[in-house]
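1. coords please:
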Amino acid sequence: MEQNEITDRVIGGAIEVHRQLGPGLLESADEECLCYELSRSNLCFERQVHLPVDYKGLRLDCAYRLDLVVEGLVIVEIKAIDEWLPIHSSQLLRYLRASRKQVGLLINFNVEALKDGIHRIVNEYTGPPISKSPRNLRVLRASALNKEAN
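-> As a prediction, this is how the structure comes out:
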């Protein structure tokens, strides 16, 4: 299964969760419901995956924890925040770089319309062009995120 199909199915599951429950839940509740939808879609995923940090030649196992890794390819970070900030994208980009993965989804369930809470982050993507989704997802390349951080 390719990354675009995985992200489409994850987004479909997130839309179903948001349609049923709306905004206002804790991240852990949104995660639990999304995992149920991913299971129903026959997607393999891992929850709360530890990601070590390499620091000056040391491997530190205490640093990062990824909300979901779907099909071993796509990192999904779940939020329930009032306002999206560039630091949220930077966090996901850091996870993508550290894990050497190319695509991640940042999903904020605390919005009225979920399409406004979905951000697709691409880490130096080198494959075929990503088709534009009818869901108006915001695609941020690593270079664009670096500009935002400065």
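2. what's the single longest helix in the chain?
-> Across the chain, the longest stretch assigned as helix under DSSP state H is helix 3-21.
3. Could you give me the buried positions within that helix?
-> By neighbour count with 16 or more other Cβ atoms under 10 Å, helix 3-21 contains the buried residues 3-4, 6-7, 9-11, 13-18. All C-beta spots, glycine's among them, are computed from the backbone N, C-alpha and C.
4. Using CSV, lay out the residues you listed together with pLDDT and distance to residue 35.
-> Below are the buried residues of helix 3-21 laid out as CSV (pLDDT from 0 to 100; distance: Cβ to Cβ, whole Å):
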residue, pLDDT, distance to residue 35
3, 92, 19
4, 92, 21
6, 96, 15
7, 96, 16
9, 97, 13
10, 97, 11
11, 97, 15
13, 97, 9
14, 97, 11
15, 96, 15
16, 96, 12
17, 97, 10
18, 96, 15
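5. ok, back up a step: next helix or strand past the longest helix of the chain?
-> As assigned by DSSP states H and E, the chain's next helix or strand after helix 3-21 is helix 27-40.
6. Alpha carbons only: can I get that following helix in PDB?
-> C-alpha atoms of helix 27-40 as PDB (Å, rounded to 0.1, in the frame of the first residue of the first chain):
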ATOM      1  CA  GLU A  27      -6.500  13.600  22.600                       C
ATOM      2  CA  SER A  28      -6.500  10.100  24.200                       C
ATOM      3  CA  ALA A  29     -10.200   9.700  23.400                       C
ATOM      4  CA  ASP A  30      -9.700  10.900  19.800                       C
ATOM      5  CA  GLU A  31      -6.800   8.500  19.500                       C
ATOM      6  CA  GLU A  32      -8.700   5.500  20.800                       C
ATOM      7  CA  CYS A  33     -11.600   6.200  18.400                       C
ATOM      8  CA  LEU A  34      -9.300   6.700  15.500                       C
ATOM      9  CA  CYS A  35      -7.500   3.400  16.200                       C
ATOM     10  CA  TYR A  36     -10.900   1.700  16.100                       C
ATOM     11  CA  GLU A  37     -11.600   3.200  12.700                       C
ATOM     12  CA  LEU A  38      -8.100   2.200  11.500                       C
ATOM     13  CA  SER A  39      -8.700  -1.400  12.600                       C
ATOM     14  CA  ARG A  40     -12.100  -1.400  10.800                       C
END
